[in-house]
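> Sequence plus the predicted model coming up.
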Amino acid sequence: MLETLRISSNNLRGSIPKEIFAIPTIVKISLSFNNLHGALHADIGNAKQLIYLRIASNNLSGELPSSLGDCESLEDIELGNNFFSGRIPTSFGNISSLKILNLSHNNLSGSIPPSLGNMQVLEQLDLSFNNLKGEVLTEGIFKNKATSVLIDGNQGLCGGLLEFHLLACPIMRLDSSKNNKLSILLKVVIPSVVALLVMVVISVLSFRRRKQKTNDISLPSFGGEFPKISHRDLARAMEGFATSNLIGQGRYGSVYRGQLVHDGKLVAIKVFSQDIRGAQKRFIAECNALRNVRHRNLVHILTACSSIDPNGNDFKALVYEFMPRGDLHNLLYSTRDGEGSSYFIPLVQRLSIMVDVSEALAYLHHHHQGTIIHCDLKPSNILLDDDMVAHVGDFGLARFKFDTTSPSLVDSTSTSSLAIKGTIGYIAPEYAAGGQVSTAADVYSFGDVILEIFIRRSPTDDMLKDGMTIAKLTMINFPDNVFQIVDPQLLQELEQREDITMTIRDSRAQTLQSVLSIGLCCTKTSPNERISMQEVAAKLQGIRDAYLRGNLRTSSQ
């Protein structure tokens, strides 16, 4: 009978069939990183033997079923990066064995259930980037925020421990006096009603003005080659937002393949979802980050659109160069059409990709006017052109540093928030402790990526649990046993060589050791111990050049 269902990192569509939860022997379900949609069926409560439920990074929606609380054997629940709404079920407190609960990047509302503070074995709790409100608990896991709890990105939360850096909750004073009731009516209720009416009038006038003048919105200049583009032109380029042109979806919007009408140029069009909180900030951040940068390994933004659609709704989109080979995440984990095997990526190509990415980050950190910190480096934000040249994209979380007195930390005036940003698995550990945004955090993310591309294992892989990370896995096997953990394709590439000798095998091992060593230097726990991206880029170039020289000598013998 089936015990483990693990089909994450594919392109699965449709809803999760409730019949899965009726399998009496199933203990592990891993469906993360797909395109699944719909609600999580209440029948999940029947799977009382379930230990792991990982369905993060899909398009699932609806309310979380309270029947989840009936799964008393659950140890790991990961539902982040979906569109779940409603309140967090209080029944979660019934799961006495729960160690990890990740509900981040959803649309959950209401207060944090007190039952979460009573869970005795809970080790990690991530509620960040939802719409939660009310007072933060101070019991249980909430006593140890720095290492265990993430609640950033919830504007309505207050109180809690000082480490959360939240505003104090307002004190409600109850008084049964009629005079006080009248005073409250005169001082609070009536002015609030008047203010609400004024806001309604202003909103109506603003809406009419926007509808009459759709081209008054100021946008940065992206050069003279491409003029500002209208909603109508983009709709035509995407054939009316046809689903056949949809090439990617994220929390803040969708990416379409398009062809500009005026010159036939193929482009990628990122359309921001205006009904998602934070989408407009990401649009502005990406505009500001990319309008003045010029580097061969950064995605080139062509133009932008900030307008009104035919229904009178805000419309914001960015137009980029089209990258035919897609992103690095898909290249690593997708399978070839009609085959079960992954795409083959030669060692030299992996080296070149990481050289490209390191040069892009070195430019942002050290060679651009003012430091730009990406804040969300991961394989899905690394795009590949026809020649397999890598381009770093998605600057929606980027931060700027204008203060020249501190080379690594973002000036507090350059960003409205220093809350934790990024993607779980690639976030530097100091962010969880309330550390400032810094170039060293980008270096950490790069270290995770470089280990991932050579080991071909995601930092959130099912086998990395109980405190194990991709960096720790590498350290345990470094340097003598690197062949035990690297992508088997790299070993197959070596074995398929007709001229293989012990010298060639040792040379390949030395190359892999050198690359993984850089990954370990980048992922050191202390940000002060990590090397800079300038050093990383120089070292990787040296490793690639030495590898190419070695191959050239071998082929000429």
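Now that the structure is in, tell me what you want to look at.
> Which segments of this structure make up each domain?
Per automatic domain parsing, the domain ranges recorded for the chain read 4-164, 177-205, 231-321, 328-556.
> weakest of those by average pLDDT?
Taking the mean pLDDT of each of the domains of the chain, the lowest value is held by domain 177-205, a mean of 65.
> for the domains of the chain, which one sits closest to I171?
Among the domains of the chain, the nearest to I171 by Cβ to Cβ is domain 4-164 (10.8 Å). Quick note: C-beta positions are derived from backbone N, CA and C, even for glycine.
> which residues touch M463?
By Cβ atoms under 8 Å, 6 or more residues apart in numbering, M463 lies in contact with R457.
> Please work out how many residues are found near P114.
The tally of other residues near P114 (other Cβ atoms under 10 Å) stands at 12.
> can you map out the helices along the chain?
For the chain, the helices defined by DSSP state H cover 145-148, 178-184, 190-212, 231-237, 279-290, 328-333, 347-362, 429-432, 439-455, 470-477, 488-495, 502-522, 533-556.
> Spit out the contact partners of the spatially closest residue to Q124 that is not a sequence neighbour.
Among residues not flanking Q124 along the chain, I100 sits closest, at 4.7 Å (Cβ to Cβ, 6 or more residues apart in numbering). When contacts are counted by Cβ under 8 Å, 6+ apart, I100 touches E75, D76, I77, E78, L122, E123, Q124.
> Now with 10 Å, please.
For I100, the contact set (Cβ atoms under 10 Å, 6 or more residues apart in numbering) comprises 52, 54, 74-78, 122-126, 465-466.
> thought E135 was touching I151?
No - E135 is beyond contact range of I151, at 11.6 Å (criterion: Cβ atoms under 10 Å).
> Just want to know which of these two has more residues nearby.
Applying other Cβ under 10 Å to E135 and I151 shows that I151 carries more neighbours, namely 24 against 15.
> Can you verify my assumption that the more buried one contacts S128?
Yes - if you go by Cβ under 10 Å, I151 and S128 touch, sitting 6.0 Å apart.
> thinking again about what came up before, I'd like to know which of the contacts of I100 are buried.
The neighbour count (16 or more other Cβ atoms under 10 Å) marks Y52, R54, L74, E75, D76, I77, E78, L122, E123, Q124, L125, D126 as buried among the contacts of I100.
> List just the nearest of the residues you listed to L491.
If you rank those by distance to L491 using Cβ to Cβ, R54 comes first, at 28.3 Å.
> Can you give me the neighbour number for the nearest residue to V27 once chain neighbours are set aside?
The shortest distance from V27 to any non-neighbouring residue, by Cβ to Cβ, 6+ apart, is to I51 (4.6 Å). Neighbourhood size, I51 [other Cβ under 10 Å]: 17.
> With distance to P170 as new columns, can the domains of the chain be given to me in CSV?
CSV is the format used below for the domains of the chain (distance: least, Cβ to Cβ, whole Å):
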stretch, distance to P170
domain 4-164, 8
domain 177-205, 13
domain 231-321, 22
domain 328-556, 22
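> which residue packs closest to L36, ignoring adjacent ones?
Spatial nearest neighbour of L36, chain neighbours left out: N58 (4.2 Å); criterion: Cβ to Cβ, 6+ apart.
> could you list every residue that touches the one you found?
If a contact means Cβ under 10 Å, 6+ apart, then N58 has 8, 12-13, 16, 31-38, 79-83, 249 as its contacts.
> Next one: L31 from S57, what distance?
Taking Cβ to Cβ, to the nearest Å as the measure, L31 falls 10 Å from S57.
> The two: which has the busier surroundings?
A direct count of neighbours by other Cβ under 10 Å for L31 and S57 places S57 higher, at 26 against 22.
> Quick one: residues in contact with stretch 530-540.
For stretch 530-540, the external contacting residues (Cβ under 10 Å, 6+ apart) are 351-352, 354-367, 407-408, 428, 438-444, 446-447, 450, 514-515, 517-519, 521-524.
> thinking again about what came up before, now do the shared contacts for L31 and S57.
The contact sets of L31 and S57 overlap at S8, S9 (Cβ under 10 Å, 6+ apart).
> coming back round to it: H262: which of the helices of the chain is closest?
Closest of the helices of the chain to H262 is helix 231-237, at 7.8 Å (criterion: Cβ to Cβ).
> Surely G134 touches G110?
Yes - contact criterion Cβ under 10 Å: G134 and G110 qualify, at 7.6 Å.
> could you list every residue that touches the closest residue to I95 other than its chain neighbours?
Closest residue to I95 apart from its sequence neighbours, by Cβ to Cβ, 6+ apart: L74 at 5.1 Å. With contact taken as Cβ under 10 Å, 6+ apart, L74 is in contact with 27, 44, 47-53, 68, 92, 94-101.
> What does L74 show for phi and psi?
L74 adopts backbone torsions of phi -60, psi 130, taken as degrees, to the nearest 10.
> Closest to the centroid, which residue in this protein?
For the chain, T423 is the residue whose C-alpha lies nearest the centre (Cα atoms, centre = their mean; 3.6 Å).
> Leaving out chain neighbours, which residue sits closest to that residue?
Per Cβ to Cβ, 6+ apart, closest to T423 is K378, 5.2 Å.
> G278 too?
Here the residue nearest G278, using Cβ to Cβ, 6+ apart, is Y252, at 6.7 Å.
> ok, the one you found - contacts?
105, 270-274, 276-283, 286, 394, 396.
> before we move on, what about C71?
21, 44-51, 53, 77, 91-92, 94-95, 97-98.
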